[in-house]
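>>> I'd like to go over a predicted model; first the sequence, then the structure.
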Amino acid sequence: MTIQVLMADTFKKTTGSRLMNAFPAIAFAIVLVMIVVVYFEIIK
């Protein structure tokens, strides 16, 4: 394992885990927006 390969591998792992950590928040935001839109459509 060269240092460059090791760094690239670590970088992939950190970005991958960051995306996985961010995904629930993004999904929650999308659901929240959809609920608000539906709510306002019902009020009209």
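That came in fine, so what should we check first?
>>> center of the protein, which residue is that?
F23 (2.6 Å; C-alpha atoms, centre = their mean).
>>> Helix or strand: which one has it?
F23 is located in helix 3-43, with elements delineated by DSSP states H and E.
>>> Go ahead and measure how far that helix is from the middle of the chain.
Chain-centre distance of helix 3-43: 1 Å, with C-alpha atoms, centre = their mean, to the nearest Å.
>>> what mean pLDDT would you report for that helix?
The average pLDDT within helix 3-43 is 87.
>>> and the gap between the residue nearest to the centre of the chain and V33?
According to C-beta to C-beta, to the nearest Å, F23 stands 16 Å off from V33. All C-beta atoms are positioned from the backbone trio N, CA, C, and that covers glycine.
>>> got it, and V5?
In this view, V5 and V33 are 41 Å apart by C-beta to C-beta.
>>> swap in P24?
From P24 to V33 the distance is 15 Å (C-beta to C-beta).
>>> Kindly report the same for L19.
In this view, L19 and V33 are 20 Å apart by C-beta to C-beta.
>>> I42 now?
I42 is 15 Å from V33, where distance means C-beta to C-beta.
>>> Compare these two and say which one has the larger neighbour count.
Neighbour tally, I42 and V33, criterion other C-beta atoms under 10 Å: the higher count belongs to V33, 10 against 7.
>>> got the contact list for the more buried one?
Going by C-beta atoms under 8 Å, 6 or more residues apart in numbering, V33 touches no other residue.
>>> got it, and T14?
Applying C-beta under 8 Å, 6+ apart, we find T14 in contact with no residue.
>>> how far away is it from F23?
Counting by C-beta to C-beta, the gap between T14 and F23 amounts to 15 Å.
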